[in-house]
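Novice: Make a model of this:
(one chain, ligands or ions: 2)
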Amino acid sequence: MKVAVAGATGRTGSESVAELRDRDHDVLALSRDPTGGQRDIGDLATVLTETDPDALIDFTVPEATVEHAAVAAETAVPLVVGTTGFDDDGLAALADAAREIPVLRASNFAKGVHALRDIVQAGVEALPEYDIELTETHHNGKRDAPSGTALTLLDDIDDARGTTLDRTHGREGEHERAPAEVGVHVRRAGNVRGEHEVLLAGNDEVVTLTHRAESRRVFAAGAVDAAEALAGRPAGEYDFPDVL
Ligand SMILES: NC(=O)C1=CN([C@@H]2O[C@H](COP(=O)(O)OP(=O)(O)OC[C@H]3O[C@@H](n4cnc5c(N)ncnc54)[C@H](OP(=O)(O)O)[C@@H]3O)[C@@H](O)[C@H]2O)C=CC1
Ligand SMILES: O=C(O)C1=N[C@H](C(=O)O)C[C@H](O)C1
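Specialist: Ligands and ions are numbered 1, 2, ... in the order given. Here you go, the predicted structure:
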């Protein structure tokens, strides 16, 4: 396959390039500063038209991904989105692109996180009265908070509880915890690849469910799996579990 990578010089994009090369795919690395042999992402429409890749993997920033999605739709290139932190307009723009091409967006391309999602939902359903607190930890260069994965897990928790819990971000001051809330705690430190913990607590017992990424290659491998799986699919919106 021939796969283009937006954000190819970044922490996760560079791992995606390495993973693609390890799998003997033809790689089209894209950058705003193509002095290292990449193609100029500022000229994305021309590059995609000339090279006609089988997929575009994007690990950049939401405002850039939205632009790339419009170009991918125009040039009929399937899109794998790893970028997180979209607002509603950004999500609507990705949905627009998905009318023309397959768009697979996942807040986390580690397979273990999708197993964790199922386990968390089972735990929340089994322990309907228990308090829930979510904590995520990432490297000090991460822009968005809470992480995309944390937001996905919070939606999963709401689904499992059958209600929308109030999200309490951090805790300060004097007030008791309300029953219908979920605590959300964000830590940014060092080069932590990504940790997500869901804690369920009742009287005299605590259950903690944790996923820890130990290398960014796990995200890259999942994104490449997704690109491989997207070939030949019809236009539409996909999540990682749809192709696992
Ligand atoms: N879904 C998942 O499994 C994962 C998702 N992520 C998400 O991926 C995104 C990227 O994370 P990370 O790799 O740490 O980020 P980095 O900052 O390391 O890399 C992002 C790259 O995007 C490019 N970029 C930045 N701004 C723009 C822009 N305005 N237009 C075009 N390109 C731009 C830059 O490349 P250049 O300067 O060469 O153009 C940069 O190297 C984040 O949203 C993060 O949350 C991260 C890991 C896993
Ligand atoms: O920015 C990161 O590094 C990561 N971002 C994703 C997220 O926001 O959940 C996935 C992973 O945790 C790494």
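Novice: Could you grab the helix/strand/coil label for residue 215?
Specialist: coil (DSSP: H, G, I helix; E, B strand; the rest coil).
Novice: please renumber so the chain begins at 682
Specialist: Right, with 682 as the first residue, what we last looked at is residue 896.
Novice: Just to check, it is in contact with residue 875?
Specialist: No - using C-beta atoms under 8 Å, residue 896 makes no contact with residue 875, being 10.1 Å away. Where you see a C-beta, it was placed from the backbone N, CA and C, and this is true even at glycine.
Novice: Spatially nearest residue to residue 863 (excluding sequence neighbours)?
Specialist: Nearest residue to residue 863, sequence neighbours excluded (C-beta to C-beta, 6 or more residues apart in numbering): residue 846, at 4.2 Å.
Novice: whoops, I mixed them up, residue 715
Specialist: residue 721 is the one closest to residue 715 (C-beta to C-beta, 6+ apart), at 4.6 Å.
Novice: same check, this time on residue 717
Specialist: Nearest non-adjacent residue to residue 717, counting by C-beta to C-beta, 6+ apart: residue 690, 6.9 Å away.
Novice: what about that neighbour, how many neighbours?
Specialist: By the criterion of other C-beta atoms under 10 Å, residue 690 has 17 neighbours.
Novice: Would you agree it is in contact with residue 715?
Specialist: No - with contact defined as C-beta under 8 Å, residue 690 does not count as touching residue 715 (9.4 Å).
Novice: Find the residue at the geometric middle of this protein.
Specialist: Central residue of the chain (C-alpha atoms, centre = their mean): residue 788, 1.9 Å from the mean position.
Novice: what's the pLDDT at the residue lying closest to it once chain neighbours are set aside?
Specialist: In space, and not counting its chain neighbours, residue 788 is closest to residue 829: 3.2 Å by C-beta to C-beta, 6+ apart. Per-residue pLDDT puts residue 829 at 98.
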